[in-house]
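[1] Next input, structure requested:
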Amino acid sequence: MALVELKDITKVYGNLKANDRVSLELNKGEILAVVGENGAGKSTLMKIMYGLETPTSGEIRVNGELQHFHYPLDAIAKGLGMVQQHFMLIEPFTAAENIVYSKEPRNGLFFDRKKAIKITEELCDKYKLYIDPTALVKDCPVGVQQRIEILKVLYQQAEIIIFDEPSAVLTPQETNQLLKTIKDLSEMGKSIILITHKLNEVFAVADRVVVMRHGQVVGNMDIHETDMDQLSFLMVGRQLAKQKIPAVEKGPACLELTDLHVSGNGTMDAIDGVSLHVDKGEIVGIAGVSGNGQSELIRAITGLLPVASGKVTLEGKDITNRTPREIRECGLACIPEDRYLWGSAREATLAENGIMYIHNKQPLSKNGWLNKKKVESFIEETFEKFDVRYGSSSQKMSELSGGNAQKVVLAREVVQKTPFLIAAEPTRGLDIGAIEYVHQALIKKKEEGDSVLLVSSELSEIMSLSDRIYIFYNGKIAGEFTREEATEEKLGLLMMGGQINEA
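    Numbering: from 1, shown residues only. Predicted coordinates for the structure are as follows:
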C-alpha cells in the first residue's frame with residue numbers, strides 16, 4: 001500500500017482548471033520528482049496536499065485513511081511537512097526561534113530559549129544540517145535560511161516532506177548540498193516529493209518521476225526507464241530547438257564602467273575599482289558565486305545604490321548617481337535578480353505590473369490618464385507573446401506561479417526595446433521550455449544590435465550565451481574571457497578565488 005495516494009484531484013479557479021483529475025502515489029522512503037512547465041499545476045497540487053488549498057474534487061489518503069486537509073496544521077498532524085519556494089521565516093527571529101515556532105519549549109509560562117537552542121543543536125547533529133541557532137534569520141544567506149526551513153519541518157516530526165522548487169534561489173554549491181540532504185533524509189526513512197523544473201536534479205536524486213502538463217499527468221515512470229530527451233518532450237509537448245548564437249558585428253560601447261567603487265557594509269567596498277564595457281550587439285556575462293558584488297553592481301548601474309567614485313556611462317551619457325527614472329529614460333531596462341523584491345508589486349494586478357515604467361507613455365496613457373482599453377490590449381498581446389499563463393489581468397501578481405511571475409517581468413522589460421538590458425538571473429525558477437524562450441529573447445536583442453549584461457549563477461547559461469565573460473570575486477574582476485577561451489575549469493577556479501597557472 002502506498003504511503004500517500006492522491007486520486008482524481010481537480011482544482012478549478014474561475015475559468016482555469018489548475019489540476020485536472022490528477023492521481024499519484026508516494027511510497028515509503030521514496031524520492032518522487034514531479035516535473036512540468038510553469039503553470040502545469042505542480043505547486044497547486046502540493047498546496048492541496050499540504051492543506052493550503054482545498055480540492056474542487058478528488059481525495060487524499062495517508063496510510064490508506066481518507067483525509068480532509070483544510071489547514072496546514074491538519075497535514076502536519078498526519079506527518080506532512082513542506083519546504084516552500086519562498087521561505088516562511090520570521091526574519092527578526094533567531095534560527096532556533098523560527099525552528100520551534102508554534103511548538104515552543106516553555107519554562108512555566110515563559111519561552112525557554114536555552115531549551116530551544118539545545119533542541120536546534122540536537123536536530124543539527126541528527127540530520128547533519130549545521131547552523132548557528134542564535135543567528136538572526138535576516139543575517140543568514142539564502143542557503144542557511146533553507147536549512148532552517150528544513151530543520152523546522154523536521155522538528156514538526158514530518159515523515160513526508162515536500163520540497164517546492166527548492167533550488168530556485170540557490171547557488172550551484174548550495175544546490176549540491178541540498179541534493180545531498182534530500183538523499184540523506186530518504187536514507188533515514190523520510191519520504192520525499194521534489195517539485196522541480198531542473199532535470200539534472202531529477203536524475204541526481206529521484207527514484208521515480210511524474211510529468212505534468214496543462215494540469216494533467218502525462219508521464220509516470222521509474223527514473224532508470226527514461227532520459228532527459230523524453231522528459232523534456234513530455235514536459236513541453238515538443239522537441240526543444242538547438243540554440244544557435246549568431247555572429248553579430250559589434251558596435252561601439254553601449255555601457256561603460258570606469259574605476260567604479262560602491263561602499264559595502266563593512267570596511268571593504270562591495271564594488272572595488274571595476275572597469276568594464278558592453279558593446280552594441282554583444283551579450284556580456286558576469287559569473288561569480290552569489291555575494292561577490294554582482295547585486296551591488298546591478299543596483300549601482302540602475303541608480304538604486306550610490307556610487308562612491310568612478311563613472312557609469314550609457315549610450316555616451318554620464319548616468320552616475322542619477323535617479324532610476326532618469327537612467328531608464330536614457331535607454332536601460334532591467335530584469336532584476338529577485339522578481340518580487342525588486343521586479344514587481346505582489347499585491348498589484350498583472351495589468352499594473354505589466355505596464356510599470358511605461359504607464360506614462362502613449363498609447364497606454366495621454367495627458368496623465370490611462371487608456372484602459374489600450375492597457376488591456378497591450379497586456380493580452382504581450383502576455384500571449386511571452387506565454388504567461390494567467391486568468392485575467394486583474395489578478396494579483398502573488399496569485400501566479402513563480403515561473404509565470406518571472407515571465408511577466410521579462411515581458412515588461414524586453415518589450416520596451418531599449419538599447420541596453422540587464423538580465424539578472426533571468427531564468428531563475430523557469431522550466432526548460434520557458435528557459436529556451438528567454439534565451440531566444442536575449443539572442444534576438446543581440447541580433448537587433450542591442451546590448452545585454454547577463455548576470456547568472458547558472459554557469460552553463462553564462463558560457464552558452466555570452467560573447468565575453470567577466471568573473472567577479474570579492475567585488476573585483478578576477479578575469480575576463482571570450483566565449484572561445486572560457487572553460488568551466490577556468491571560470492570555476494577564479495570564482496572560488498583561485499588563480500590560473502598559464503604555464
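[2] Distance from the chain centre to stretch 405-422, please.
    Centre-to-centre, stretch 405-422 and its host chain are 17 Å apart (C-alpha atoms, centre = their mean, to the nearest Å).
[3] Quick one: end-to-end distance for that stretch.
    18 Å (C-alpha to C-alpha, to the nearest Å).
[4] Same question for stretch 391-410.
    The straight-line separation of the ends of stretch 391-410 (C-alpha to C-alpha) is 18 Å.
[5] Where does the prediction get shaky in the protein?
    Applying pLDDT under 70 to the chain flags the ranges 168-169, 171-173, 239-248, 266, 501-503.
[6] Could you chop it up by domain?
    Residue ranges for each domain of the chain read 4-236, 253-331+418-495, as given by automatic domain parsing.
[7] residues near residue 477, how many?
    As a burial measure, residue 477 scores 19 neighbours (other C-beta atoms under 10 Å). Quick note: C-beta positions are derived from backbone N, CA and C, even for glycine.
[8] Just the element for it, please.
    Assessed by DSSP states H and E, residue 477 sits inside strand 476-482.
[9] again, but for residue 259
    Using DSSP H and E, residue 259 falls within strand 253-263.
[10] one step back: could you dump the domains of the chain into JSON lines and include distance to residue 356?
    Below are these laid out as JSON lines (distance: least, C-beta to C-beta, whole Å):
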{"stretch": "domain 4-236", "distance to residue 356": "21"}
{"stretch": "domain 253-331+418-495", "distance to residue 356": "10"}
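[11] among these, which is nearest residue 406?
    Taking C-beta to C-beta, domain 253-331+418-495 is the member of these nearest to residue 406, at 5.6 Å.
[12] Between the two ends of the closest one, how far is it?
    26 Å.
[13] At which residues are the helices of the stretch 251-400 of the chain located?
    Applying DSSP state H, counting those that start in this stretch to the stretch 251-400 of the chain gives helices spanning 294-301, 324-329, 350-354, 372-385.
[14] between these, which gets nearest to residue 226?
    Residue 226 lies closest, by C-beta to C-beta, to one member of the helices of the stretch 251-400 of the chain: helix 372-385, at 31.7 Å.
[15] ok so, going back, any chance of the helices of the stretch 251-400 of the chain in a markdown table, with distance to residue 64 too?
    Formatted as a markdown table, the helices of the stretch 251-400 of the chain follow (distance: least, C-beta to C-beta, whole Å):
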| stretch | distance to residue 64 |
| --- | --- |
| helix 294-301 | 49 |
| helix 324-329 | 57 |
| helix 350-354 | 42 |
| helix 372-385 | 44 |
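[16] now the ones you listed as JSON lines including mean neighbour count and distance to residue 456?
    Shown next, in JSON lines, are these (neighbours: other C-beta atoms under 10 Å; distance: least, C-beta to C-beta, whole Å):
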{"stretch": "helix 294-301", "mean neighbour count": "23", "distance to residue 456": "9"}
{"stretch": "helix 324-329", "mean neighbour count": "16", "distance to residue 456": "22"}
{"stretch": "helix 350-354", "mean neighbour count": "23", "distance to residue 456": "23"}
{"stretch": "helix 372-385", "mean neighbour count": "15", "distance to residue 456": "23"}
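[17] Of all those helices, which one is nearest residue 362?
    Per C-beta to C-beta, nearest to residue 362 of these: helix 372-385, 8.7 Å.
[18] And the contacts of that closest one?
    350-351, 354-355, 363-364, 390, 393, 407-408, 411-412, 415 (C-beta atoms under 8 Å, 6 or more residues apart in numbering).
[19] which strands and helices sit next to the following helix or strand past it?
    Next along the chain after helix 372-385, taking DSSP H and E as the criterion, comes helix 402-414. Contact partners of helix 402-414 among helices and strands, from 3 or more C-beta pairs under 8 Å, 6 or more residues apart in numbering; DSSP states H and E: strand 332-335, helix 350-354, helix 372-385, helix 432-447.
[20] Ok, which of those comes nearest residue 488?
    Among the helices and strands packed on helix 402-414, helix 432-447 sits nearest to residue 488 (C-beta to C-beta), with 18.5 Å.
[21] Which parts of the closest one count as buried, going by neighbours?
    Using 16 or more other C-beta atoms under 10 Å as the test for burial, helix 432-447 gives 432-439, 441-443, 445-446.
[22] Quick check: which of the helices of the stretch 251-400 of the chain is nearest to residue 85?
    Smallest distance to residue 85 across the helices of the stretch 251-400 of the chain (C-beta to C-beta): 18.8 Å, for helix 350-354.
[23] now could you export just the CA positions of the closest one as PDB?
    C-alpha atoms of helix 350-354 as PDB (Å, rounded to 0.1, in the frame of the first residue of the first chain):
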ATOM      1  CA  LEU A 350      -1.000  41.900 -13.500                       C
ATOM      2  CA  ALA A 351      -2.000  44.900 -15.600                       C
ATOM      3  CA  GLU A 352      -0.400  47.300 -13.200                       C
ATOM      4  CA  ASN A 353       2.800  45.200 -13.100                       C
ATOM      5  CA  GLY A 354       2.900  44.700 -16.800                       C
END
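[24] Give me the contacts around it.
    Here helix 350-354 makes contact (C-beta under 8 Å, 6+ apart) with 344-345, 375-376, 378-379, 382-383, 388, 390, 392-397, 400, 408-409, 411-412.
[25] repeat for stretch 298-307
    Here stretch 298-307 makes contact (C-beta under 8 Å, 6+ apart) with 255, 257, 260-263, 271, 296, 312, 319-324, 326-327, 332, 334, 336-337, 342, 422, 424, 453, 455.
[26] Of the residues you listed, just the buried ones, ChimeraX syntax please.
    Burial among those is assessed by 16+ other C-beta under 10 Å; the matching ChimeraX selection reads:
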select :255,257,260,261,262,263,271,296,312,319,320,322,327,332,334,336,337,342,422,424,453,455
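[27] Name the nearest residue to residue 497, sequence neighbours excluded.
    The shortest distance from residue 497 to any non-neighbouring residue, by C-beta to C-beta, 6 or more residues apart in numbering, is to residue 473 (5.5 Å).
[28] For residue 21, see how far away that neighbour is.
    From residue 473 across to residue 21, the span is 51 Å (C-beta to C-beta, to the nearest Å).
[29] now swap in residue 448 and tell me
    Distance, residue 448 to residue 21, by C-beta to C-beta: 45 Å.
[30] Please work out which residues outside the host helix or strand of residue 19 touch it.
    Applying DSSP H and E as the criterion places residue 19 in strand 16-26. If you take C-beta under 8 Å, 6+ apart as the criterion, strand 16-26 is touched by 2-12, 32, 34, 41, 44-45, 48, 55, 58, 160, 191, 193, 210, 212, 214-217, 220, 391.
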